[in-house]
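Q: this one's sequence-less:
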């Protein structure tokens, strides 16, 4: 089961990792979300609007009760939520951040391996 870390700071939620909430009743939306997760090497978490417990809890904490957040996909990170087309550039930015984090982690692992040549 997927879990998301949400820190409460004063009156708003602070997300430690980005969360992409997508329409899980739409196959092309599901493909988009899966590609985002794969390209970011898992840095961006994904959750469906309708069938994900994480998504339902997150939307309760962020959006007003009378707001229909299912009209677009959302990227939620730190204390900001980007929706629809305005979320595309932040999604691309977070994909690159995930790639860089993965490369840095691999380099760190290589640096800390014992030298087997000697």
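A: Yep, that arrived. Every value quoted in this text rests on a predicted model; they were computed, and no experiment measured them.
Q: My guess is residue 36 contacts residue 92. True?
A: No. Taking contacts as Cβ atoms under 8 Å, residue 36 lies outside contact range of residue 92: 9.4 Å. For glycine as for every other residue, the C-beta is placed from the backbone atoms N, C-alpha and C.
Q: neighbour count winner among those two?
A: residue 36 (23 against 13; other Cβ atoms under 10 Å).
Q: part of a helix, is the more buried one?
A: Yes. Judged by DSSP: H, G, I helix; E, B strand; the rest coil, residue 36 forms part of a helix.
Q: what sits against it?
A: Neighbour list for residue 36: 20, 44, 46, 91, 95 [criterion: Cβ atoms under 8 Å, 6 or more residues apart in numbering].
Q: Among those residues, which one lies nearest to residue 84?
A: residue 91 (10.9 Å; Cβ to Cβ).
Q: Spatially nearest residue to the closest one (excluding sequence neighbours)?
A: Nearest residue to residue 91, sequence neighbours excluded (Cβ to Cβ, 6 or more residues apart in numbering): residue 75, at 5.4 Å.
Q: part of a strand, is that neighbour?
A: Yes. Assessed by three-state DSSP, residue 75 belongs to a strand.
Q: what's the distance between it and residue 34?
A: 15 Å (Cβ to Cβ, to the nearest Å).
Q: Equivalent analysis for residue 57, please.
A: On the measure of Cβ to Cβ, residue 57 and residue 34 end up 22 Å apart.
Q: if we can go back for a sec, of residue 75 and residue 34, who's got more company?
A: Neighbour count, other Cβ under 10 Å: between residue 75 and residue 34, residue 75 has more, with 25 against 12.
Q: separation between the more buried one and residue 45?
A: 10 Å.
Q: Below-threshold pLDDT in the chain: ranges please.
A: 1-14, 114-118 (pLDDT under 70).
Q: The chain: helices as residue ranges?
A: Ranges of helices within the chain are 27-39, 53-62, 88-111, based on DSSP state H.
Q: Got phi/psi on residue 51?
A: Dihedral pair for residue 51: phi -110, psi 0, per degrees, to the nearest 10.
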